[in-house]
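Asks: got a sequence here, can you model it:
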Amino acid sequence: MGDFDDEVKTLLGLFFQFIEDEMATRRHFQVFQAYLNRFLKLYEQLVVANGDLLVRVESLCAVQQHKWDHVQQLLHNNLYLVQYFSKIRMKTNENSIEGSWSWKRDREKTLVWS
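Replies: A predicted model of the protein is given here:
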């Protein structure tokens with residue numbers, strides 16, 4: 001198959017490099033995950049058969065894992081905040097059972113506890 005194979009392997013290597021560089025920016029992580037997923041489904045046999053491409057995949061895997069750890073930490077932090085604010089909201093609702101604030105129209109138009 002000759003030169004065509006070498007050219008395709010070079011382009012595949014450049015694609016891996018592109019994905020690795022883009023993942024390092026921490027932007028659009030899910031989009032590049034989808035690109036990589038589809039790419040590997042299409043070219044899996046070619047990548048496995050070539051040692052140079054496997055080295056690039058291992059390098060990409062390390063970057064991907066590092067960036068995924070960062071994304072996962074952000075997700076956990078956001079989940080913690082949602083749970084924290086949900087508990088505050090629940091406590092506020094529990095307190096409102098005992099008594100509630102209501103507007104009573106009197107001469108001063110003040111907020112009165114009833």
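Asks: quick one: the helices in this structure?
Replies: 3-24, 29-49, 51-98 (DSSP state H).
Asks: now do the longest one: distance to the chain's middle.
Replies: What that stands for is helix 51-98. Centroid separation between helix 51-98 and its chain, computed with Cα atoms, centre = their mean, to the nearest Å, is 8 Å.
Asks: ditto for stretch 18-30
Replies: Centre to centre, stretch against its chain (Cα atoms, centre = their mean), the figure for stretch 18-30 is 11 Å.
Asks: okay, it in PDB with CA atoms only?
Replies: C-alpha atoms of stretch 18-30 as PDB (Å, rounded to 0.1, in the frame of the first residue of the first chain):
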ATOM      1  CA  PHE A  18      -4.600  18.300  17.600                       C
ATOM      2  CA  ILE A  19      -6.900  16.600  20.100                       C
ATOM      3  CA  GLU A  20      -4.200  16.600  22.700                       C
ATOM      4  CA  ASP A  21      -3.500  20.300  22.200                       C
ATOM      5  CA  GLU A  22      -7.100  21.200  22.400                       C
ATOM      6  CA  MET A  23      -7.800  19.100  25.500                       C
ATOM      7  CA  ALA A  24      -4.900  20.900  27.200                       C
ATOM      8  CA  THR A  25      -6.800  24.200  26.800                       C
ATOM      9  CA  ARG A  26      -9.700  22.900  29.000                       C
ATOM     10  CA  ARG A  27     -12.200  24.200  26.500                       C
ATOM     11  CA  HIS A  28     -15.000  22.200  24.800                       C
ATOM     12  CA  PHE A  29     -13.800  19.000  26.600                       C
ATOM     13  CA  GLN A  30     -17.000  17.000  25.700                       C
END
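Asks: pick out the shakiest of the helices of the chain, pLDDT-wise.
Replies: Among these, helix 51-98 has the lowest mean pLDDT, at a mean of 82.
Asks: centroid residue for the protein?
Replies: residue 71 (4.6 Å; Cα atoms, centre = their mean).
Asks: for the spatially closest residue to that residue that is not a sequence neighbour, give me its contacts.
Replies: For residue 71, ignoring the flanking residues on the chain, the nearest one in space by Cβ to Cβ, 6 or more residues apart in numbering is residue 29 at 5.6 Å. (C-beta placed from N, C-alpha, C; glycine too.) By Cβ atoms under 8 Å, 6 or more residues apart in numbering, residue 29 lies in contact with 23, 67, 68, 71.
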